[in-house]
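Participant: pasting a predicted model and its sequence here:
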Amino acid sequence: MPAHHIFGIRHHGPGSARSLRRALEDLAPDTILVEGPPDAEPVLPLLAHPEMRPPVALLVYATDTPRDAVFYPFAVFSPEWQAISYGQGRGLPVRMIDLPQWHQLGQEMQGDPPNPPAPEAPPDVRSDPMGWLARAAGFSDGERWWEQMVEQRQDSAGIFAAILEAMSALRAESPAPELAEARREAWMRQTIRAAIGGGFSRIAVVCGAWHGPALVDLSDKKGDTALLKGLPKTKTAATWAPWTYGRLAYASGYGAGITSPGWYDHLWTHPDQVTVRWMTRVARLLRGQDLAGSSAHAIEAVRLAETLAALRGHPLPGLPELNEACRAVFCFGDDGPMRLIHAQLILDERMGGVPDETPSVPLQQDLQREQRRLKLTPDASWKDFDLDLRKPFDLERSHLLRRLGLLHVAWGELRSGGGTGTFREVWRIQWQPELAVALIEAGIWGNTLRDAACARALDAATGAADLPDLVGIVSQVLLADLPEAVPALMDLLQERSARTADVAQLMDALVREDRLTRSSLVSSLRYGGVRNTDTAAVAHVVDGIVLRICIGLSGACSSLNDDAAAAMFGRIVAVGAALRLLQHAEYLESWHLALRRVADMTSVHGLVGGRCCRLLLDAGAMNGEEVARRVGLAISSAVAPAHAAAWIEGLLKDSGAILLHDDLLWGILDGWVASLTPEAFQQTLPLIRRTFATFASAERRQMGERARRGPAAKPTGTPAADDGIDRTRAEAVLPLVCRLLGIHA
């Protein structure tokens, strides 16, 4: 009787797992060897912990470069999981026998060249051996063949001998294994030899079915030693991480994935009355969504599924028969309910859990404490949290999610709100297994989220490519409530802005909104009180930036081509809106003086010059008569048509609705048009039509109706004496209005 027994399995399959358990009970091994990373052996005992809840994954990573990591997922129906559980439950030695990741990651980090392709090899033999066997048996795909031959098999006697024979036949027709595969199998054989040398006589070897034939003959010890000699090595660590059934599916990109993890879980959990229990779950799911799902539907669906299986010669209905029955009986041929069944039952996007004793870096432990304190439970399905920042508890939740964002741990996504001028933020959070790696990698920055986020922000700020990027980091830090990082950031921002001569970059820095925080320097300064943020340092930096913008604006607007003028147009509009938001009198005064200097320039692009006049008019810094005079000069016969058209566009761009309701602006244009001679009107009309063509058709129609009603009032910029307003009563409420708006009257 041989000392070692090969059990070739599929990595995730309830029938294979159930057959393996029976085979192990029959063999009663004295040790179990499982295909998996030896790096993970120190954490294997946690598998038996009562709080361990699959699906979970072994995570092995290089300690010096945590981004170099590998996951080994397990479900409760994974044969390896059942083999390890069997061994631990009986106190047997359990060892992992795959080539260790300390060698595999070491090879990748060293940059070993890939194996050259073997042109004579049959395509996909190694990647899909089940598919080859399925086609030989007349099945359309390996999934369906495996389910009928293994998952639905009632008698597991001889199944592993048959699998070993089938794989041996396939490998006999295949070329020699590639170097990486040969090294893995050599290490497995070495481990089996070590177990035999250790005195074990009933060794159970659980491995992927493809590797089984390579582990039968152990005679070439010298050749295996030569294959493994001189392999590079790196230091690794291992832990357990929660996994999801969705990540076990082919669609996730997982190479050993399955198409229906939820269905396989059902097969494992309910070995009896599989069809009845499945249809009951379908009916319950549909009723929960207010869809038809009565007992009569379930009974009829069971009958139809069993009839289909009998017609096709299957011992039991498989998932194809169940789906066809559900589509016909429950869904009436509609794909909508079937998509729901697929997502909720066939895939079954659930997340496992690991015990608190699982090894983790201090940063992970701090996050777990914060998650419990703030009642933010990691979950595979997304959840929306509507945070009211006036409530301390919600504010702390916002701080946590923003600190994770600084660490590039993308647990939460800001959906709406976000601007610091609101008391409300809506976050969508969804935990992904890869975030465990991101947390381990972020552990180099500190042992707590607060310390790590500060250190990561300061490092990112030092390497920021330009001033707007630096401002974005400052905004994130302010909204993440990290005051200890602010002084150093402010010094860096002050230094960078003082050395920046590019006015366009200064303007971008003042108004650009960060992608995550959706805030800018101005909004942080204006609404910092909502989050109890100290903005004194920000105000000092904004002072310097605004001053430099106002001084250098005229130079930055000189001699612009069309593209540069369009970009500057947007910047001027954005900066003007930002300064109006701040309601700072000195800023506005300096800004209006800068706009007037630009408007007076003869070399300014018409688009920019027209918008400067418009902003001054809207702010009351230029009266209607002055703007009317400038309109006449800008599109006179002495001005080039392209410049005149651009000037009018700058004055009126994006202002169709405003023009309809702003009597002053309407009066300026109406009075100027009325003053034109017929000849001048015909020359000017194409220029004006270019701008008016950008307005919505409804706006143009309303403008025509208003023009037919008669001339507008003259653009004096001052209201008529008798306007129907009781000024004494109006002025009485102004102090209260100023207090509400935060304006110093």
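Facilitator: Cool, got the structure.

Participant: once you drop chain neighbours, what's closest to Thr462?
Facilitator: Counting by CB to CB, 6 or more residues apart in numbering, the nearest residue to Thr462 once its immediate chain neighbours are dropped is Leu492, at 7.1 Å. For the C-beta atoms, the positions are set from N, CA and C on the backbone; glycine is no exception.

Participant: burial count for the one you found?
Facilitator: 17 (other CB atoms under 10 Å).

Participant: same for whichever helix or strand Leu664 is part of, what does it pack against?
Facilitator: Using DSSP states H and E, Leu664 maps to helix 663-674. In terms of contacts (3 or more CB pairs under 8 Å, 6 or more residues apart in numbering; DSSP states H and E), helix 663-674 is packed against helix 606-619, helix 624-634, helix 656-661.

Participant: let's see 7 Å
Facilitator: helix 624-634, helix 656-661 (3 or more CB pairs under 7 Å, 6 or more residues apart in numbering; DSSP states H and E).

Participant: tilt between that helix and helix 606-619?
Facilitator: The directions of helix 663-674 and helix 606-619 differ by 130 degrees, with axes from the mean of the first three to the mean of the last three CA atoms, to 10 degrees as the criterion.

Participant: for the chain, name the helix or strand with the lowest mean pLDDT.
Facilitator: helix 656-661 (a mean of 68; mean pLDDT, DSSP states H and E).

Participant: look up how far Trp146 lies from the residue nearest to Met149 when sequence neighbours are not counted.
Facilitator: Leaving aside its sequence neighbours, Met149 sits nearest to Ala137 (CB to CB, 6+ apart; 7.8 Å). Ala137 sits at a distance of 11 Å from Trp146 (criterion: CB to CB, to the nearest Å).

Participant: quick one, which of these two is more surrounded?
Facilitator: Trp146 (22 against 13).

Participant: what about the closest residue to Gln364 other than its chain neighbours, which SS state?
Facilitator: Distances taken as CB to CB, 6+ apart place Leu439 nearest to Gln364, at 5.0 Å, with adjacent residues excluded. For Leu439, the secondary structure call by DSSP: H, G, I helix; E, B strand; the rest coil comes out as helix.

Participant: I'd like to know how far Leu439 sits from Pro355.
Facilitator: From Leu439 across to Pro355, the span is 17 Å (CB to CB).

Participant: likewise Met601?
Facilitator: Separation of Met601 from Pro355 (CB to CB) stands at 71 Å.

Participant: give the buried residues for stretch 446-456.
Facilitator: Under the neighbour-count criterion of 16 or more other CB atoms under 10 Å, stretch 446-456 has 446, 448-456 buried.

Participant: again, but for stretch 276-287
Facilitator: Within stretch 276-287, the residues scored as buried using 16+ other CB under 10 Å are 276, 278-283, 285-286.

Participant: next one: stretch 227-236
Facilitator: Buried residues in stretch 227-236 (16+ other CB under 10 Å): 227, 231, 234, 236.

Participant: dump these into JSON lines; add pLDDT, secondary structure and distance to Leu553 as well.
Facilitator: Formatted as JSON lines, those follow (pLDDT from 0 to 100; DSSP: H, G, I helix; E, B strand; the rest coil; distance: CB to CB, whole Å):
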{"residue": "Leu227", "pLDDT": "92", "secondary structure": "helix", "distance to Leu553": "71"}
{"residue": "Leu231", "pLDDT": "92", "secondary structure": "coil", "distance to Leu553": "64"}
{"residue": "Thr234", "pLDDT": "92", "secondary structure": "coil", "distance to Leu553": "56"}
{"residue": "Thr236", "pLDDT": "93", "secondary structure": "strand", "distance to Leu553": "57"}
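
Participant: look up which helix or strand the most centrally placed residue in the chain falls in, please.
Facilitator: By CA atoms, centre = their mean, the mean C-alpha position of the chain lies nearest to Ala410, the distance being 6.2 Å. Under DSSP H and E, no helix or strand contains Ala410.
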